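In: Sequence first, then the predicted structure, then my questions.
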Amino acid sequence: MSAVLPGKQNTDDQTDDWRATATLEHLNLRARLLKQVRAFFEARDVLEVETPLLSEATTPDPNLHSLSTSYAGPQYPHGKKFYLQTSPEFTMKRLLACGSGSIYQVCKAFRDRESGRLHNPEFTLLEWYRIGYDYQMLMDEVEEFVATVLDIKSEFQRLTYQQVFMRCTGLDPHSTSVELLQNYVARHVNIHVNDLLHYDRDSWLDLIMSHIIEPQLGKGNPTFIYDYPASKASLAFIRNDIPAVAERFELYVEGMELANGFRELSQQEEQRLRFDRDREKRRMEKLPDISPDRRMLAALGHGLPPCAGVALGLDRLLMVMAGSGSIREILAFPVDRA
């Protein structure tokens, strides 16, 4: 039986909602994990850094929704809009361009519209960047880290995005038509397809991945999915295969995504074009416009060293370590008790 914090009770009484939802055992587990993280990177001579969580810029990715606030101070007497970061990626890349060498960070990140069994709007990320690594080398390091923390002896599985789609659905994600994707969803997912006819091809692929494929991944053996369609490159380098693929990977454990990494795109103009495409998607979806991060683009223009980076959700990793079914069980105070 798990130890509980003093005075903690199993009750839904609102007058009791000042209490923590995590057990003392889980709080100790988090503390031990943070020690393991720092020991892992210290042994590899990777520098721990801190970057701002409050920034005038944020990602224009239409799939991510940023929280914002207003700051008034000597520099901005009339107030200025700032964003809580969905990831420290942009500022960490600026450090890389400054010559920091390989770096890592443990920090809070924030995303609006995310709440549920696996989501809390405020969560903890471990993000790191390795100079001179390609994405396969970074997968090796992610595997080493996760295997160490979870004490996994079995081999991690690696499948391309195309392979896992073909294995789980019989569909080729690079060539199957939107109509056939819609028909597959209509047959296999309990959802009203007619409400989603505005979806583009990537959205149908995402729906199949999240509802059909992801729950099957990493059962028994942690599983890397890599070589995503070029349209899902985000900030990743695109390799000109036929078809072109993004040198990106995700790691799944027990049906849950733990990490997202890639070989970093370093071309300033290509990144600017991707930001513009994201802004156009936001316009079509009637989402607020997000201006490109001018400082991050300037850093790319100065020169980003060849590198690969990954973001790993520490709360989800803790869920696996603790055998928890909900993120609430390993957070001291989730959003409804914050």
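Out: Noted; the coordinates are in hand.

In: Can you give me the buried ones in stretch 134-147?
Out: Neighbour counts over stretch 134-147 (16 or more other C-beta atoms under 10 Å) mark 135, 138, 139, 141, 142, 143, 145, 146 as buried. The C-beta positions use only the backbone N, C-alpha and C, and glycine is treated the same way.

In: Now do that stretch, average pLDDT.
Out: For stretch 134-147, mean pLDDT rounds to 98.

In: what's next to it, contact-wise?
Out: Residues from elsewhere that reach stretch 134-147 (C-beta atoms under 8 Å, 6 or more residues apart in numbering): 40, 130, 133, 152-153, 156, 158, 222, 224, 226, 236, 247-249, 251, 253, 258-259, 261-263, 308-310, 312, 317.

In: List buried residues within those residues.
Out: 40, 130, 133, 156, 158, 222, 224, 226, 236, 247-249, 251, 253, 258-259, 261-263, 308-310, 312, 317.

In: Return the subset of the residues you listed lying in helices.
Out: Among the buried ones among the contacts of stretch 134-147, the ones falling in helices (DSSP state H) are 40, 317.

In: Assess the claim that residue 182 and residue 205 are in contact.
Out: No - counting by C-beta atoms under 8 Å, residue 182 stays clear of residue 205, with 11.4 Å between them.

In: gap between the two ends of stretch 50-70?
Out: 22 Å (C-alpha to C-alpha, to the nearest Å).

In: How far away from the center of its chain is it?
Out: On the basis of C-alpha atoms, centre = their mean, to the nearest Å, stretch 50-70 sits 14 Å off its chain's mean C-alpha point.

In: again, but for stretch 174-190
Out: Distance, centroid of stretch 174-190 to centroid of chain: 25 Å (C-alpha atoms, centre = their mean).

In: Likewise for stretch 194-205?
Out: Relative to its chain's centre, stretch 194-205 lies at 22 Å (C-alpha atoms, centre = their mean).

In: Show me which parts of it are buried, residue by residue.
Out: Buried residues in stretch 194-205 (16+ other C-beta under 10 Å): 199, 204, 205.

In: Could you list which of these belong to helices?
Out: 204, 205.

In: and of the buried residues of stretch 194-205, the nearest to residue 286?
Out: Comparing those against residue 286 with C-beta to C-beta places residue 199 closest, at 14.7 Å.

In: Report the spatially closest residue to the closest one, excluding sequence-adjacent ones.
Out: residue 207 (7.4 Å; C-beta to C-beta, 6 or more residues apart in numbering).

In: so for the helix or strand containing that neighbour, what's the average pLDDT?
Out: Using DSSP states H and E, the element containing residue 207 is helix 201-208. Here helix 201-208 scores 94 as its mean pLDDT.

In: for that helix, the distance to its chain's centre please.
Out: The answer for helix 201-208 is 17 Å, by C-alpha atoms, centre = their mean.

In: For it, which outside residues touch it?
Out: The contact list for helix 201-208, computed with C-beta under 8 Å, 6+ apart, reads 165, 169, 171, 173, 178, 181-182, 184-185, 189, 191, 196, 199, 229, 231-232.

In: Residue 169 against residue 184, yeah?
Out: Yes - if you go by C-beta under 8 Å, residue 169 and residue 184 touch, sitting 6.4 Å apart.

In: would you list every one of the strands in this structure?
Out: 47-48, 54-55, 67-73, 76-84, 103-110, 122-131, 157-160, 223-229, 238-239, 245-253, 256-263, 307-313 (DSSP state E).

In: Of all those strands, which one comes closest to residue 269?
Out: For residue 269, the closest of the strands of the chain is strand 238-239, at 13.8 Å, according to C-beta to C-beta.
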